[in-house]
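Novice: fold the following, please.
(2 chains)
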Number of protein chains: 2
Amino acid sequence: MDTLNEQKLAHLIRSTRIAALATLHNGVPNLAMVAVAVEDDFSAFYIHVSRLGRHTRDMETDSRISLLLMETDDNRPDPQTLARLSLNGTADPVPRTDPHYERIRGLYLARFPEAGQFFGLGDFNLWQIRPREGRFVAGFAQAYHILPETLAKISAR
Amino acid sequence: MDTLNEQKLAHLIRSTRIAALATLHNGVPNLAMVAVAVEDDFSAFYIHVSRLGRHTRDMETDSRISLLLMETDDNRPDPQTLARLSLNGTADPVPRTDPHYERIRGLYLARFPEAGQFFGLGDFNLWQIRPREGRFVAGFAQAYHILPETLAKISAR
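Specialist: Model (predicted):
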């Protein structure tokens, strides 16, 4: 990947607040929109979800998920040139006893201050999404296979 | 659903050009961005995809998919209030011999004129996504179960 596309990917990851989360629901794909915060080194994404959500119950049953970040559609003639990153990985709850819990909560709230009210509610929990591999499409016919080490490297851009 | 939310849903469906498509890939969810056109009566969504795409091969193996349309993030304080529609259904190719093929091709190209060049290529095909059920989140704590008849009714808004 050239430097320009590395910067494009870093920008996509840092600037995209909403993502599509795909879970397995009785063996079929289920989609939900989630608000995502990201670790500085791109090693993990964080979401804050209600136990009542179908996607949360899905993740409790099967941790294998997929996450998609898409560049905002700016109404250009060809939307296929929009950048997007799809990641496959696993989602696991961040227990309140986790030594990183407060730091992660702070990272999430720095991006979504309005979510503060839900941290007081018992049925909302932080989940951590760890990418295993993925695909970055920088534009038409520019696709790259992504590994955790790619993300770590790009996070320095 | 009240009239305002019906109009909001109709607007979301008519104005959203890109969507997240979740397929089953060896039993786990896989995500891709797709450009979507929609039937006037909201009975079907159309995508135009290459046979080389992982999502296409997934759909050839298992037609059960999920599609997510999200309102564009306008950087409001709380992105959880953005409207989104997730649909579960099936994806099937539209054969070139289908009596509706030319009409559907026209409908797709009306929205994505730049895609014309790919209709000449043998490995690109139109696929039809038929929603079976879904969920519309109009904003915080405003969620509605969606059926094909809901979509048909809303398409008149």
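Novice: the residue nearest to residue A:58 when sequence neighbours are not counted: neighbour count?
Specialist: The shortest distance from residue A:58 to any non-neighbouring residue, by Cβ to Cβ, 6 or more residues apart in numbering or on different chains, is to residue A:23 (3.5 Å). Placement of C-beta: from N, CA and C, glycine included. The local packing of residue A:23 (other Cβ atoms under 10 Å in any protein chain shown) involves 28 other residues.
Novice: moving C-terminal from the strand or helix carrying residue A:23, which element do we reach first?
Specialist: Element membership of residue A:23 [criterion: DSSP states H and E] is strand A:18-25. Following strand A:18-25 in sequence order, the next helix or strand is strand A:28-35 (DSSP H and E).
Novice: what strands line up against that next one, and which way round?
Specialist: Partners of strand A:28-35 in the sheet, by DSSP bridges, are strand A:18-25 (antiparallel).
Novice: you'd agree residue A:29 is up against residue B:65?
Specialist: Yes. If you go by Cβ atoms under 8 Å, residue A:29 and residue B:65 touch, sitting 6.3 Å apart.
Novice: quick revisit: for the residue nearest to residue A:58, what are its contacts?
Specialist: For residue A:23, the contact set (Cβ atoms under 8 Å, 6 or more residues apart in numbering or on different chains) comprises A:29, A:30, A:32, A:54, A:55, A:58, A:59, A:62, A:65, A:91, B:29.
Novice: how deep is residue A:95 tucked in, by neighbour count?
Specialist: Residues near residue A:95, counting by other Cβ under 10 Å: 9.
Novice: residues in contact with the closest residue in space to it that isn't next to it in sequence?
Specialist: Computed as Cβ to Cβ, 6+ apart, the closest residue to residue A:95 that is not its neighbour in sequence is residue A:101, at 7.1 Å. Residue A:101 sits next to A:94, A:95, A:126 when contact means Cβ under 8 Å, 6+ apart.
Novice: and the contacts of the least confident helix or strand in chain A by mean pLDDT?
Specialist: Scoring the helices and strands of chain A by mean pLDDT, DSSP states H and E places helix A:116-119 at the bottom, with a mean of 89. Helix A:116-119 is contacted by residues A:48, A:50, A:105, A:109, A:124 when judged by Cβ under 8 Å, 6+ apart.
Novice: repeat that for stretch A:142-153.
Specialist: A:1, A:5-6, A:13, A:41-43, A:85, A:87, A:130-138.
Novice: for chain B, tell me which of the residues you listed show up nearby.
Specialist: A:135, A:137 (Cβ under 8 Å from any Cβ of the partner chain).
Novice: report the buried members of the contacts of stretch A:142-153.
Specialist: Among the contacts of stretch A:142-153, those classed as buried by 16 or more other Cβ atoms under 10 Å in any protein chain shown are A:1, A:5-6, A:13, A:42, A:85, A:87, A:130-131, A:134-138.
Novice: run the angle between the lengthiest strand in chain A and strand A:28-35 for me.
Specialist: Across chain A, the longest stretch assigned as strand under DSSP state E is strand A:124-139. Relative orientation of strand A:124-139 versus strand A:28-35 (axes from the mean of the first three to the mean of the last three Cα atoms, to 10 degrees): 100 degrees.
Novice: alright, calling it a day.
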